[in-house]
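Trainee: A structural model of the following input is requested.
(one chain, ligands or ions: 2)
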Amino acid sequence: MGFLTFRGGVHPSEKKEMSQDQEIKVLKLPDTVYMYTSNHLGAPAKPIVEVGEKVKTGQKIAEASGFISANLHSPLTGEIVSIEKMVNAASGRKDDVIVIKKTSEDDWQLLPHNDDFTKFTSEEIINNIKEAGIVGLGGAMFPSHVKLMIPKGKKAETLIINAAECEPYITIDERMMLEKTDEIIKGIEILLYASGIEKAYIGIEENKSKAIKTMIEKTNGKNIEIKTLKTKYPQGAEKQLINAITSKEVPSGGLPIDIGVIVFNVSTTYAIYDAIINGKPLVERGASLTGEGVKKPGNFLYRIGTKVNELLENVGLIDEENIDRILYGGPMMGIPLPNIELPTFKGNNAITVLTKDILPKREDFPCIRCSSCVSVCPIGLQPYLLKKYSDTRNYDTALENGLMDCIECGSCSFICPSNIELAKSFKTAKKVVRAMKQRRG
Ligand code: SF4
Ligand code: SF4
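Mentor: Residues are numbered from 1 along each chain as shown. Ligands and ions are numbered 1, 2, ... in the order given. Next up is the predicted model:
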């Protein structure tokens, strides 16, 4: 079997074996959840509840406040105890958080649903996905209904399900494919029906042989094809995945729909199934709790808004002295946490705990112009030059050299023999450029 791939990329240690065979465990309900109103890409949701109000599990608590925004629902049956500011580790800002205290076991408030999804029109399905507050669960948190609202003049022709899961350590999507196979396949059929696309492809990296076998067996006779991908980071990045499967390139500054493609992560597809068939808004998700710093790595289904420290109680941490960092996500693109008393997001597919021996102190050396960073960049950028322009605040030249095309994958930093943290510079430079643009209006 030939494995599809893209140009560039790196091969970090996979470390999947730590949690790969661990079945997903459903965690008991937390006593309190903390829901960021910025729980998605785009404008923060607007709270529609007041302190002291009683809410049911699945009840809408904040409403989407723009085209790119998403509704927020209560993960518990309980009471709103406060709406307060909390640090958002992703943005570094303080965001509004709705705090809900559990008062009983789940009493669900469900959305309209039907075992036979064809009883809905495609518009109703897109609206129900919007109502359910579903966003990209691979980490990007882009509102799912927006992807299905095809702009005038564009046509959706190819549906790709992203099951590459190329970040080291993380195994939740793989477990979902093994344990929720039929539900995911139904979710794909719902997406085909809602988008009017005739055929879907599921892209899976070759290191998930059981998931590949299961998916091939279960999709037999359906208009869904499994595409096996080379195990290479960042194979799961949207543009790289599209390129590997269709050989098409998303234009610089463009979107997949510009070349007729829409992409959904495999866990998002499950959430879409759960909303349309069972009427459940997005209030829980699966994640891997993993890394050398946890005693018993595994995969768990948890309520969104549970604090990280409470989640980690289920796997146990090793001696604190040996822990280097704790991340939302994996080691390549994850966000280091300033403390573990922060809540989880819709996009948290993993909490990874890395130890000091895995990440020995790096000493930085000057750039030796070896061009390794150029050869691994999946976008074809020249990272060593971009770094020079970013650090000297020569943003116009950095932009001319593709700064905004950088997907912050970290492949350049990973390969650099001088240990230069290139991707970190690009992240900061992109933030500055966006802030300058906003200020100029
Ligand atoms: S990999 Fe590092 S040392 Fe080599 S050219 Fe790039 S920045 Fe310079
Ligand atoms: S420049 Fe950006 S896209 Fe290219 S390897 Fe570095 S982080 Fe990835």
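
Trainee: Show me where the stretch 201-350 of the chain has its strands.
Mentor: Assignment of strands within the stretch 201-350 of the chain using DSSP state E, counting those that start in this stretch yields the ranges 224-229, 261-265, 284-290, 298-303, 323-328, 335-336, 350-355.

Trainee: residues near the residue in the stretch 201-350 of the chain positioned nearest to ligand 2, how many?
Mentor: Evaluated by CB to the nearest ligand atom, the stretch 201-350 of the chain has P234 as its residue closest to ligand 2, separated by 7.3 Å. From N, CA and C alone the C-beta is placed, and that goes for glycine too. Neighbour count of P234, defined by other CB atoms under 10 Å: 24.

Trainee: Likewise for I368?
Mentor: Burial of I368, expressed as a neighbour count using other CB under 10 Å, amounts to 12.

Trainee: Highest mean neighbour count out of the strands of the stretch 201-350 of the chain?
Mentor: Each of those was assessed for mean neighbour count using mean count of other CB atoms under 10 Å. The highest is strand 284-290, with a mean of 26.

Trainee: Give the buried residues for stretch 31-47.
Mentor: Applying a neighbour-count criterion of 16 or more other CB atoms under 10 Å, the buried positions in stretch 31-47 are 32-42, 44-45, 47.

Trainee: Keep only those residues that also lie close to ligand 2.
Mentor: Checking the buried residues of stretch 31-47 against ligand 2 by CB under 6 Å from any ligand atom, not one of them is in range.

Trainee: can you pull the buried residues of the top helix by length along the chain?
Mentor: Using DSSP state H, we find that the single longest helix of the chain is helix 422-440. Of the residues in helix 422-440, 422-423, 425-427, 429-430, 433 count as buried by neighbour count, 16+ other CB under 10 Å.

Trainee: Which stretches in the stretch 251-400 of the chain count as helices?
Mentor: Across the stretch 251-400 of the chain, reading from the start of the chain, the helices by DSSP state H, counting those that start in this stretch fall at 266-278, 308-312, 372-376, 383-391, 395-400.

Trainee: Now tabulate the ones you listed in a markdown table and tack on mean pLDDT.
Mentor: Below are the helices of the stretch 251-400 of the chain laid out as a markdown table (pLDDT from 0 to 100):
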| stretch | mean pLDDT |
| --- | --- |
| helix 266-278 | 98 |
| helix 308-312 | 97 |
| helix 372-376 | 97 |
| helix 383-391 | 95 |
| helix 395-400 | 95 |
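
Trainee: of all those, which gets the most neighbours per residue?
Mentor: Mean neighbour count, computed with mean count of other CB under 10 Å, is highest for helix 266-278 among these, reaching a mean of 25.

Trainee: just the CA coordinates of it, formatted as CSV?
Mentor: Extracted as CSV, the C-alpha positions of helix 266-278 are listed here (Å, rounded to 0.1, in the frame of the first residue of the first chain):
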residue,chain,number,x,y,z
VAL,A,266,-12.7,12.9,13.3
SER,A,267,-13.8,13.9,16.9
THR,A,268,-15.7,16.8,15.4
THR,A,269,-17.5,14.3,13.2
TYR,A,270,-18.5,12.4,16.3
ALA,A,271,-19.8,15.6,18.0
ILE,A,272,-21.9,16.3,14.9
TYR,A,273,-23.4,12.7,15.1
ASP,A,274,-24.2,13.3,18.8
ALA,A,275,-25.9,16.6,18.1
ILE,A,276,-28.0,15.5,15.1
ILE,A,277,-28.9,12.0,16.3
ASN,A,278,-29.0,12.4,20.1
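
Trainee: Can you check what angle separates that helix from strand 261-265?
Mentor: In this structure, helix 266-278 runs at an angle of 90 degrees to strand 261-265, with axes from the mean of the first three to the mean of the last three CA atoms, to 10 degrees as the basis.

Trainee: tilt between helix 266-278 and strand 284-290?
Mentor: Using the same axes, to 10 degrees, the direction of helix 266-278 lies 150 degrees away from that of strand 284-290.

Trainee: Tell me how far helix 266-278 lies from the chain's centre.
Mentor: For helix 266-278, the distance from its own C-alpha centre to the chain's C-alpha centre is 15 Å (CA atoms, centre = their mean, to the nearest Å).
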